[in-house]
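Asker: got a sequence here, can you model it:
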Amino acid sequence: MGPWQSVAIGKREDQMSQKIQVVLEEESLRDGLLAESRLLGLTEKMQVVRLLKDAGIRRLQLGSFGHPRTVPQMANTDVLVSLARREFPELLCTALVPNEKGLERAVHCGLGLASMAVAVSDSYSLRSVGRSAGEALELTLALVGAAVRAGVRARAEVQCAFGCVFEGAIPEITVMETVGQLVEAGAAEICLADTAGLASPLQVGRLVAQVRTTYPAVELSLHLSDTRGLGLVNIYAGFVAGVRLFSVAAGGLGASPVIAGASGNVAGEDAVNLFHGMEVATGIDLAALCRVVQYYETLLDRKLPGRMNLVLHSQPEALAKLGF
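Answerer: Numbers count the residues shown, from 1 in each chain. Predicted coordinates:
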């Protein structure tokens, strides 16, 4: 047994005895739908919200406040937030806020948490938002400050934190400097995003440890990709390193409109299965979450890549004996 294994298992056993809980932010309605050509209507999106809430999701990213002409899939985010807040006041509604106009709309509809994103890769940033990483960071810092002044909790996502397909490895000092500026601007939560799906478990553990040590008062979350099949392994590495908040999407829905072959998010149902197997509480009903996946498959007319939905349907009797 190597040093990584022994440390990980030792920490895991200690954490299990403390009845650890994690929060899974469900992002299928925003990041999951971003590259979908089939536009979902408001009624369909509200049905997804209800199914997710029934499954036990308590933090839900509902969309983006970008311009409808640029992101038509997100055109009704204002109304969706208002409806979701009215029907489920206990649900933490989040959304991506790309600019000041979007922030005005977010404030108006009573958004609970505004998520801003900035890349630490020039090449990715130019392809994604048409600005260099430095230019985008300046705008994001101003936006975080404006959100704080408006009384809205701000989450700052650092994209390409674990590498870039266009530039290769991103120096960790660059990531840490960006995190520091975002924290200074008022971000209450930092999200490290594996935008290109390049992260490895040791890398995740190392970077998480640096951020948690340097900024212990800031909540840290992870948005990891399963493009190369390491999504769950990297979630486990982040968990061992102390992260308790992870972004997921039902069915593994999602694909990058910027990076070819970046196939998607970690499936929410697979992450729930991972944590429940470690006796870590999520508050989520696995079978009910799979019903969300089935609804998406009906809407999109295709099978989604998440594993547990398929498993639950192919082995129902055997899994029932195991408590699924």
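
Asker: need the contact list for the closest residue to K19 other than its chain neighbours.
Answerer: Closest residue to K19 apart from its sequence neighbours, by Cβ to Cβ, 6 or more residues apart in numbering: A281 at 6.8 Å. Placement of C-beta: from N, CA and C, glycine included. Contacts for A281 (Cβ atoms under 8 Å, 6 or more residues apart in numbering) come out as 19-22, 275.

Asker: for A281, which residues make a bridge with it?
Answerer: Per DSSP bridges, the residues bridged to A281 are Q21.

Asker: distance-wise, check it relative to I235.
Answerer: 15 Å (Cβ to Cβ, to the nearest Å).

Asker: ok, the nearest residue to V152 once chain neighbours are set aside - contacts?
Answerer: Counting by Cβ to Cβ, 6+ apart, A114 is the residue found nearest to V152 once chain neighbours are left out, at 4.9 Å. Applying Cβ under 8 Å, 6+ apart, we find A114 in contact with 94-95, 97, 103, 106, 147, 152-155.

Asker: from these, which land in strands?
Answerer: 94-95, 153-155 (DSSP state E).

Asker: how about the helices in this structure?
Answerer: Using DSSP state H, the helices of the chain run over 3-16, 42-55, 77-87, 100-108, 122-129, 133-149, 172-185, 201-214, 231-240, 268-277, 286-300, 307-314, 316-321.

Asker: next one: the third one to chain centre, how far?
Answerer: For helix 77-87, the distance from its own C-alpha centre to the chain's C-alpha centre is 20 Å (Cα atoms, centre = their mean, to the nearest Å).

Asker: by contact count, what packs against it?
Answerer: On a contact count with 3 or more Cβ pairs under 8 Å, 6 or more residues apart in numbering; DSSP states H and E, helix 77-87 meets helix 42-55, strand 59-64, strand 92-96, helix 100-108.

Asker: could you check the pLDDT of the residue nearest to K19?
Answerer: Confidence at A281, expressed as pLDDT, is 96.

Asker: distance of it from V22?
Answerer: 7 Å.

Asker: coming back round to it: how near is the residue nearest to K19 to Q21?
Answerer: From A281 to Q21 the distance is 4 Å (Cβ to Cβ).

Asker: cool, and R212?
Answerer: Taken as Cβ to Cβ, the span from R212 to Q21 is 18 Å.

Asker: can you check H67 too?
Answerer: Distance, H67 to Q21, using Cβ to Cβ: 38 Å.

Asker: among the two, which residue is more densely surrounded?
Answerer: Neighbour totals were compared for H67 and Q21, and H67 leads with 14 against 11 (other Cβ atoms under 10 Å).

Asker: list the residues that contact that one.
Answerer: K101.

Asker: distance of it relative to R105?
Answerer: Taken as Cβ to Cβ, the span from H67 to R105 is 10 Å.

Asker: show me where the stretch 201-324 of the chain dips below the pLDDT cut-off.
Answerer: 256-263, 316-324 (pLDDT under 70).

Asker: can you rerun that using 80?
Answerer: Applying pLDDT under 80 to the stretch 201-324 of the chain flags residues 255-264, 313-324.

Asker: N309 is in contact with N273, correct?
Answerer: No: between N273 and N309 there is no contact under Cβ atoms under 8 Å: 10.4 Å.

Asker: more neighbours, these two?
Answerer: Per other Cβ under 10 Å, whichever of N273 and N309 has more neighbours is N309, with 28 against 21.

Asker: my read: the more buried one touches V292, true?
Answerer: No: judged on Cβ under 8 Å, N309 makes no contact with V292 at a distance of 9.1 Å.

Asker: before we move on, back to that, buried ones among the contacts of A281?
Answerer: Neighbour-count burial (16 or more other Cβ atoms under 10 Å) is assigned, among the contacts of A281, to 20, 22, 275.

Asker: so what's the first one closest to, chain neighbours aside?
Answerer: The spatial neighbour of I20 that comes closest, neighbours along the chain excluded (Cβ to Cβ, 6+ apart), is V280 at 5.1 Å.

Asker: give me the distance between that neighbour and G268.
Answerer: From V280 to G268 the distance is 15 Å (Cβ to Cβ).

Asker: those two - which one has more neighbours?
Answerer: Shown here are V280 and G268; by other Cβ under 10 Å, G268 has more neighbours (35 against 18).

Asker: contact partners for the more buried one?
Answerer: Contacts of G268 by Cβ under 8 Å, 6+ apart are 24, 26, 28, 248-251, 284, 289, 292, 306.

Asker: state the distance from it to A188.
Answerer: Taken as Cβ to Cβ, the span from G268 to A188 is 24 Å.

Asker: pick the one among the ones in strands among the contacts of A114 closest to L39.
Answerer: Taking Cβ to Cβ as the measure, L39 sits nearest to A95 out of these, at 17.3 Å.

Asker: before we move on, the earlier item: let me have the contacts of A114 in a markdown table, adding neighbour count as columns.
Answerer: What follows is the contacts of A114, written out as a markdown table (neighbours: other Cβ atoms under 10 Å):
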| residue | neighbour count |
| --- | --- |
| T94 | 26 |
| A95 | 27 |
| V97 | 31 |
| L103 | 22 |
| A106 | 27 |
| A147 | 28 |
| V152 | 19 |
| R153 | 18 |
| A154 | 24 |
| R155 | 25 |
